[in-house]
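Chemist: Can you look at this prediction? I've put the sequence above it.
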Amino acid sequence: MASEEQLSAIKRAKVLMVGAGGIGCELLKTLALSGFQDIHIIDMDTIEVSNLNRQFLFRQCHVGQSKAKVARDAVLRFRPNISITPYHANVKESRFNVDFFKEFDVVLNGLDNLDARRHVNRLCLAADVPLVESGTTGFLGQVTVHLKGKTECYECQPKPAPKTYPVCTITSTPSKFVHCIVWAKDLLFAKLFGDKNQENDLNVRSSDTGNSSEHSEDVFECRKDEDIEQYGRRIYDHVFGHNIEVALSNEETWKNRNKPRPIYSKDVLHVKMTKENGDTEKDCATGDVSAMASLSLKNPQDIWSLAENSRVFLEALRLFFSKRGKEIGNLTFDKDDQLAVEFVTAAANIRASSFGIPLHSLFEAKGIAGNIVHAVATTNAIIAGLIVIEAIKVLKKDNNNYRMTYCLEHPSRKLLLMPVEPYEPNKSCYVCSETPLSLEVNTRHSKLRDFVEKIVKGKLGMNFPVIMKGASILYEVGEDLEDDMVAIYAANLEKALSELPSPVTSGTVLTVEDLQQEFSCSINIKHREEFDEEKEPDGMVLSGWVEAPVDKDNNKPNGNGESTSNALPTEEILEGEKDVEIQETSGGTETVAGKKRKLSEVDESRNQKKPEKLDLDDEDDELVISDDWESLTKKKRV
Ligand SMILES: Nc1ncnc2c1ncn2[C@@H]1O[C@H](COP(=O)(O)OP(=O)(O)OP(=O)(O)O)[C@@H](O)[C@H]1O
Ligand SMILES: [Zn+2]
């Protein structure tokens, strides 16, 4: 029961919710039932069928409509007298600026990606509005409270880099099914159906593979004299047969590894495939075509044989070309695109078969390819409740009682909910402190464009950057720029840093600002001649901002797919930060970040107030949900 004081704080409050998905639906309901009367919701999405199992404010008839608007209407039906203002929009739009954020007493995030979370963090800091941040993955969840100057900001601790695999493992020596999935989706799918101009590590020219003909051709292009089935079979034979033969010819590679087996379509599929749908169909919308349907394969949980995978491969390829021809050249893999998932599953399985790796069902392959940890509605509901508890403390200015709370999969100390005192701001955080960053770069070779793309946008997450050296502006993005300035900045992008009108050399201090986020930081430039292409593929190294530790043993596709009883669900579990990326790395060892850390390790890395080591392997099955959190939390402190 809320006290009088709480109730009046709740009634007066104006709150902003960002995200009306799994957590957001629960949160809006809980806010409304807790007495909140002025709620604003931003969500950029429309409702999909796959949301309906847990986003309970939505029904089948709402598919395709704005989440924010439908969520509002659903809640107004049981709380008709409160005010809910929906925005069907991206929170990064310029209308949601610092002045907009200043209108709110507290901001509550129910987002699913790092980019939007960082953006909201910066706006909350600039507007000096408290932020309650949240995330769930399966049974794990967390809620954290961020108050400028009092607790750490969302970016005080570096977020783990996406999992990466060395390119040679993906292209030549896969040893796990996830390697085959990454190959199928990021290389083969991208090569056949994506942007032809994108760099791709699949060999392209027939001359690359030993044929010394002068007129080398792109083997992935359909030839004039072949029909789609012949084309599909040629691609099949090239990637699963010929390329494997070429790889086998390098004997060194296979000294300590099992050799792969080349697979040719004629050995697997003796007869020509029948074309159930014909190949003259017109282009039609995504999602309507399915190779499984054409081939009468019904159960996505079945593991297909090599022959079935080969049929799905050829049929999916045929359907892409015959029914979705207009999209070819622009496609990127999407876990919700059935035909794309079918193609990637089949391609990954054929490759797995070649390398002696166990095959997987479409259901499993989809989970790996889309980095899906199945959402648990109960976790979202618990997390939403915790967000409201923290929001109420924020409104009451109950400064000493904020908690970041972890929702665990298995009880620890008989608790499923683990409250911890929030950390103080990190003094070297480049977002909420004034600490400058350092950048080692070859100022004579690296262009301003590299700096903008790789550092300012890629690492610092800015959308509308302004780059300044002293008072001179080197680069700026904005809607109201004069044409001549746009031309000057475009020309600057192509110049090496040391050749800019105001040269950037060793010792230069650059100021980088994002006008929308009202966020600015300084970067000390240090010239360095050489970079290790494998270890430092960006050709520049940003420091002053500690990266998360790397764990060579953890190579599960989903950081939380295995037992989590000894894992602290920290930032790395938040939804939407689990992309598998290929990166050139050294040697042949895997670089997999996003390691789950034990509570004790988290604290060491933070080097702040140390809780005593927790016994997280508590097997005692008698579960207690305690409401005396304060004393429990204190016990963990030295
Ligand atoms: N930049 C953004 N601006 C506004 N809303 C955003 C932004 N980024 C993400 N969101 C919203 O955050 C919500 C996150 O919800 P959730 O994690 O349940 O994802 P989902 O897309 O609904 O489900 P799933 O990805 O599991 O199919 C989504 O509704 C999404 O539209
Ligand atoms: Zn910070």
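Modeler: Everything's here; your move. Ligands and ions are numbered 1, 2, ... in the order given.
Chemist: Which pLDDT value belongs to the residue in the chain that ligand 1 sits nearest to?
Modeler: Using C-beta to the nearest ligand atom, the single residue of the chain nearest to ligand 1 is residue 21, 1.9 Å away. For every residue, glycine as well, the C-beta is placed using N, CA and C. On pLDDT, residue 21 comes in at 96.
Chemist: try residue 601
Modeler: pLDDT, residue 601: 35.
Chemist: pLDDT weak spots in the stretch 401-550 of the chain?
Modeler: Along the stretch 401-550 of the chain, the model assigns pLDDT under 70 to residues 545-550.
Chemist: at 50 instead, please
Modeler: Residues of the stretch 401-550 of the chain meeting the criterion pLDDT under 50: 547-550.
Chemist: Give me every residue in it lying close to ligand 2.
Modeler: Contact residues (C-beta under 5 Å from the ion) of the stretch 401-550 of the chain with ligand 2: 429, 431-432.
Chemist: and which of these is nearest residue 323?
Modeler: residue 431 (46.7 Å; C-beta to C-beta).
Chemist: And the closest one, how far from residue 151?
Modeler: Separation of residue 431 from residue 151 (C-beta to C-beta, to the nearest Å) stands at 13 Å.
Chemist: One more: residue 544?
Modeler: 21 Å.
Chemist: For burial, what's the neighbour tally of the nearest residue to residue 238 once chain neighbours are set aside?
Modeler: Using C-beta to C-beta, 6 or more residues apart in numbering and skipping the chain neighbours, the partner closest in space to residue 238 is residue 219 (5.5 Å). By other C-beta atoms under 10 Å, the residues close to residue 219 number 22.
Chemist: What count of nearby residues applies to the closest residue to residue 39 other than its chain neighbours?
Modeler: Nearest non-adjacent residue to residue 39, counting by C-beta to C-beta, 6+ apart: residue 84, 5.0 Å away. Residues within reach of residue 84, counting by other C-beta under 10 Å, total 23.
Chemist: Would you agree residue 84 falls within a helix?
Modeler: No. Read with DSSP: H, G, I helix; E, B strand; the rest coil, residue 84 is strand and lies in no helix.
Chemist: quick one: residue 443 is in a strand?
Modeler: No. Using three-state DSSP, the assignment for residue 443 is coil, not a strand.
Chemist: Next, work out how far apart the closest residue to residue 105 other than its chain neighbours and ligand 2 are.
Modeler: Once flanking residues are discounted, residue 105 sits nearest to residue 13: 4.6 Å by C-beta to C-beta, 6+ apart. Note on residue 13: its distance to ligand 2, by C-beta to the ion, to the nearest Å, is 25 Å.
Chemist: Tell me the backbone dihedrals of residue 13, please.
Modeler: phi -70, psi 150 (degrees, to the nearest 10).
Chemist: need the contact list for it.
Modeler: By C-beta atoms under 8 Å, 6 or more residues apart in numbering, the contact set of residue 13 is 36-38, 105-106, 391, 395.
Chemist: Neighbour-wise, which one of those residues leads?
Modeler: Busiest of the contacts of residue 13 [other C-beta under 10 Å] is residue 391, holding 28 neighbours.
Chemist: Confirm it sits in a strand?
Modeler: No. Per three-state DSSP, residue 391 lies outside any strand segment and is helix.
Chemist: okay but it is in contact with residue 107, surely?
Modeler: No. With contact defined as C-beta atoms under 8 Å, residue 391 does not count as touching residue 107 (9.3 Å).
Chemist: intersection of neighbour lists for these two?
Modeler: In contact with both residue 391 and residue 107: 15, 132, using C-beta under 8 Å, 6+ apart.
Chemist: buried ones in whichever helix or strand residue 315 is part of?
Modeler: Assigned by DSSP states H and E, residue 315 belongs to helix 306-323. For helix 306-323, the neighbour count (16 or more other C-beta atoms under 10 Å) marks 306, 308-323 as buried.
Chemist: what's the answer for stretch 22-37, then?
Modeler: 22-32, 34-37.
Chemist: re earlier: which one's more surrounded, residue 544 and residue 151?
Modeler: More crowded of residue 544 and residue 151, by other C-beta under 10 Å: residue 151, with 21 against 16.
Chemist: nearest spatial neighbour of the more buried one, skipping sequence neighbours?
Modeler: Nearest residue to residue 151, sequence neighbours excluded (C-beta to C-beta, 6+ apart): residue 422, at 4.0 Å.
Chemist: Tell me how far the one you found lies from ligand 2.
Modeler: Taking C-beta to the ion, one finds residue 422 at 12 Å from ligand 2.
Chemist: how many neighbours does that residue have?
Modeler: By other C-beta under 10 Å, neighbour count at residue 422 equals 16.
Chemist: That one should be in a strand, yeah?
Modeler: No. Under the criterion used here (three-state DSSP), residue 422 is coil, not part of a strand.
Chemist: Could you say which helix or strand holds residue 142?
Modeler: strand 140-146.
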